[in-house]
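Kindly generate the corresponding structure for this input.
(chains A and B)
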Amino acid sequence: MDNLEIARVLAEVGDLLEIQDANPFRVRAYRNAVRTIEAQTTPLAEMLERGADLTELPGIGKEMASHVAELVRTGRLAALAELEAQTPRSLVELMRVPGLGPKKAKRLWKELGIESIADLEKAARAGKIAALEGFGAKSQEKILQGIGTAQRLAQRMGIAEADLVLEPLLTHLRQAPGLERLEAAGSWRRRKESVGDLDLLATARDPAAVMDHFVRYPGVARVDARGETKCTVVLRSGVQADLRIVPEKSFGAALVYFTGSKEHNIRLRAMAVDRGLRISEYGVFQEPTRKRRAEREEAAAERDPWAGKWLAGKREEDVYRTLRLPWIPPELREDRGEIEAAAKGKLPKLLERGDLRGDLQMHTTWSDGQETVAAMLAACSERGYEYCAITDHSKALAMVRGLDARRLKQQWREMDRVAPKYPQIRLLRSMEVDILADGSLDLEDELLEKLDLVLVTVHSKFDLDPGRQTKRILKAIQHPAAQVLGHPTGRRRGIREAMRFDVDEVLQACAELGVAVELNANPERLDLKDTHLMRAKELGCKITISTDAHSPRDLDLMRYGVEQARRARLTKADVLNAQPLAKLLAQLRPRAGA
DNA sequence: GCCGTTTTCGGCCCGACTGTTTTCAGTCG
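Prediction:
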């Protein structure tokens, strides 16, 4: 059983516990364990085999470790079976409908026998839900609306799509009367690879006027909630957008709060409590006295959020400073150790867009690109690059007219003719060489030796069983000519899941052999993903970031690669194509002929 | 269920909005 499957089972346990009204902190413990397990690149099964102690992982205690061991050993979890005997698994589905949480889902099941979205819709249409105590006509209507959008909302959009949706909305909002500051926050600001909804934060002389302007945005399909400081709308694209308006002195605190992640915020607030402080979206406050939880809860109802002495909140830096922390870049705010690193003054200086000196994967009309070698070279040169690699496909990809030996040599002749016209940029003669089903490379050795850079990638047989897939990729990178493993897991957003293989073993082999791993910057791929990149760095892999451009415009997708790299805490020194040409060539795996 | 340089017990982040049960629980982020 692999890590993702283990995580899924534990997530189910958490969901069912929540429905059964278990201690919410117990539910959270399961969610935390899921997060930890999902972020592991080493298979837990393997760690157990080695005799590793899983309780050393954060959020994994005795119980979770024994769950994992049981799952690895038997493929099942008795605890989950017990929970399922008490509450149907399908109730979790109901909680995906906006407005339905664990309590209401359970009541709908107990009182109306509703077990699925289909049951729910039938009951709502029959007017049975409005008749239920605690529900009403409005709840029923909201449920019916929610069912329609539940599926769409469950589908998070890619970061590039979020950029496209957000930009015109921000333009609209900036024209709101009395608007002072405006920032987009949330996972969009953390540059996460996918974004669930859009979070906007503003200060304004006249909040009500800004809210009015917000709900009048032509892209708004409906308004879900509107109060004095907070407004939620659903856009025609199906995306939810929240606008929150706060006082100027709270803007920094609110930005921290709204940027998240939730886990990062929880850690900050817990740290604050330890220091007798309270952090909210309004600021950092000195609590009058250290109160016990019960007293705080009692006080919470009647207390206004401005109680206590306000210490900070105007800027994000001020909030972090009250915890004796430096400002933490949004991309890192996931509670993956960034708080500890910040406390020790060990936050890395993250890679920046301007650090990149070249792009090491792109295509031309020789295979499936849209432009000529000359046009791509010119486009790279315009972007200030020192070098670029043209990497058309090899012959196995007949569909895109992959190059055989004869056409590859023709392409070289064209390169020799064109390159002198662009003396300011070095053209690296390269190829995206297919890794065949048996792990061999799709180009003759004598030609591989004549390339400046050999990129190897999988484009077929994505569904081999994990053992064979691992062997296949290992064999390919063991070929002495292989220098970079491109889009290593093969995933494509909304099109194809990552291949199933032992990523950790492959990364380890890459580190040992000196084969670099690619971060494919195309937002459809973003492969390797952030957690895998962190592991790659830890193992000492060299990393390249490339756009896989099929047109000059695609070269600008590099920003998504840089953002993902930042999320993985990569620095300039970790990335081969952030180095000058000589250093890049020196750090690539040595060639037989060189 | 996890966690611990005050703790192996007693904590575990904080606030807005909605609908409805007229005083607050449930949900959401």
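
make it CA atoms for all contacts and neighbour counts henceforth
Noted.

So, low pLDDT: which residues of chain A?
A:149-155, A:288-303, A:592-594 (pLDDT under 70).

hey, which strand is longest across it?
strand A:426-434 (DSSP state E).

so how far is that strand off the chain centroid?
Relative to its chain's centre, strand A:426-434 lies at 29 Å (Cα atoms, centre = their mean, to the nearest Å).

where does the closest residue to DNA strand B within the stretch 401-550 of chain A land in three-state SS?
Nearest residue of the stretch 401-550 of chain A to DNA strand B (Cα to the nearest atom of the strand) works out as A:Thr531 at 19.2 Å. Put simply, A:Thr531 is helix when judged by DSSP: H, G, I helix; E, B strand; the rest coil.

Write out the residues of the stretch 251-400 of chain A neighbouring DNA strand B.
A:258, A:262, A:265-267, A:269-270, A:273-274, A:278-282, A:292-294, A:300, A:305-306 (Cα under 7 Å from any atom of the strand).

distance between stretch A:79-93 and the chain's centre?
Worked out by Cα atoms, centre = their mean, stretch A:79-93 lies 29 Å from the chain centre.

Now for the residue nearest to A:Lys461 when sequence neighbours are not counted, how many residues are close by?
With sequence-adjacent residues excluded and distances taken as Cα to Cα, 6 or more residues apart in numbering, A:Lys461 is closest to A:Ala437, at 6.5 Å. Other residues lying near A:Ala437 total 18 when counted by other Cα atoms under 10 Å.

Repeat that for the one 3 residues further on.
When neighbours are counted by other Cα under 10 Å, A:Ser440 registers 17.

Would you confirm that it contacts A:Lys475?
Yes - the criterion here is Cα atoms under 8 Å, and A:Ser440 meets it with A:Lys475 at 7.0 Å.

before we move on, back to that, which residues sit in contact with the residue of the stretch 401-550 of chain A closest to DNA strand B?
Neighbour list for A:Thr531: A:39-41, A:568 [criterion: Cα atoms under 8 Å, 6 or more residues apart in numbering].

how about a cut-off of 7 Å?
A:39, A:568 (Cα atoms under 7 Å, 6 or more residues apart in numbering).

Distance of it relative to A:Thr229?
A:Thr531 is 36 Å from A:Thr229, where distance means Cα to Cα, to the nearest Å.

Also A:Leu436?
Taking Cα to Cα, one finds A:Leu436 at 58 Å from A:Thr229.

ranges for the helices of the stretch 451-594 of chain A?
A:466-478, A:503-513, A:530-539, A:558-567, A:581-587 (DSSP state H, counting those that start in this stretch).

One more: the stretch 301-450 of chain A?
Going by DSSP H, counting those that start in this stretch, the stretch 301-450 of chain A shows helices at A:316-322, A:338-343, A:373-382, A:405-418, A:445-448.

do the stretch 51-200 of chain A as well
A:62-74, A:78-86, A:91-94, A:102-112, A:117-125, A:137-154, A:159-174, A:186-189.

So which of those helices is the most surrounded?
helix A:186-189 (a mean of 24; mean count of other Cα atoms under 10 Å).

and the nearest residue to A:Tyr282 once chain neighbours are set aside, how many residues sit next to it?
Nearest non-adjacent residue to A:Tyr282, counting by Cα to Cα, 6+ apart: A:Ser250, 4.7 Å away. Applying other Cα under 10 Å, we find 23 residues neighbouring A:Ser250.

Am I right that A:Ser250 is in contact with A:Leu311?
No - using Cα atoms under 7 Å, A:Ser250 is not in contact with A:Leu311; the gap is 10.6 Å.

So between A:Leu436 and A:Thr229, which is more surrounded?
Using other Cα under 10 Å, the more surrounded residue of A:Leu436 and A:Thr229 is A:Leu436, with 19 against 15.

A:Val373 versus the more buried one, what's the distance?
26 Å.

ok, now A:Ile245?
Relative to A:Val373, and taking Cα to Cα, A:Ile245 is found at 50 Å.

Next: A:Leu323.
Counting by Cα to Cα, the gap from A:Leu323 to A:Val373 is 53 Å.

ok, these two, which is more surrounded?
Taking other Cα under 10 Å, A:Leu323 and A:Val373 do not tie; A:Val373 has more neighbours (22 against 17).

right, and the more buried one touches A:Trp366 too?
No - applying Cα under 7 Å, one finds A:Val373 not in contact with A:Trp366, separated by 8.3 Å.

Dump stretch A:232-240 to CSV, restricted to CA.
Provided in CSV are the C-alpha atoms of stretch A:232-240 (Å, rounded to 0.1, in the frame of the first residue of the first chain):
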residue,chain,number,x,y,z
THR,A,232,-18.8,36.1,-0.5
VAL,A,233,-19.7,35.7,-4.2
VAL,A,234,-19.7,33.0,-6.7
LEU,A,235,-18.3,34.0,-10.1
ARG,A,236,-19.7,32.7,-13.4
SER,A,237,-16.7,30.5,-13.7
GLY,A,238,-17.9,28.7,-10.6
VAL,A,239,-15.1,30.1,-8.5
GLN,A,240,-15.9,31.5,-5.1
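
Pull out the buried residues from it.
If you call a residue buried by 16 or more other Cα atoms under 10 Å, then stretch A:232-240 has these buried ones: A:232-235, A:238-240.

and it, how far out from the chain's middle?
21 Å.

next one: stretch A:566-578
17 Å.

ok, now stretch A:553-563?
16 Å.

again, but for stretch A:500-512
So, by Cα atoms, centre = their mean, the centroid of stretch A:500-512 is 21 Å from its chain's centroid.

So which residues make contact with the helix or strand harbouring A:Cys231?
Here A:Cys231 sits within strand A:230-235, counting by DSSP states H and E. With contact meaning Cα under 7 Å, 6+ apart, strand A:230-235 is reached by A:219-226, A:240-245.

Now for those residues: which two are most distant?
A:Ala221 and A:Ile245 (21.0 Å; Cα to Cα).

Have a look at these two and say which one is more surrounded.
Ranked by neighbour count (other Cα under 10 Å), A:Ala221 and A:Ile245 place A:Ile245 first, with 25 against 17.

The more buried one bridge partners, please.
Beta bridges link A:Ile245 to A:Ala202, judged by DSSP bridges.

I'd say it and A:Gly227 touch.
No - if you go by Cα under 7 Å, A:Ile245 and A:Gly227 don't touch, sitting 10.2 Å apart.

Give me the neighbour count for A:Gly561.
With other Cα under 10 Å as criterion, A:Gly561 counts 27.

That should have said A:Glu386, apologies.
With other Cα under 10 Å as criterion, A:Glu386 counts 20.

A:Arg353 and A:His487, how far apart?
20 Å.

Neighbour count: these two, which is higher?
More neighbours surround A:His487 than the other of A:Arg353 and A:His487, with 28 against 15 (other Cα under 10 Å).

Got phi/psi on the more buried one?
phi 20, psi 70 (degrees, to the nearest 10).
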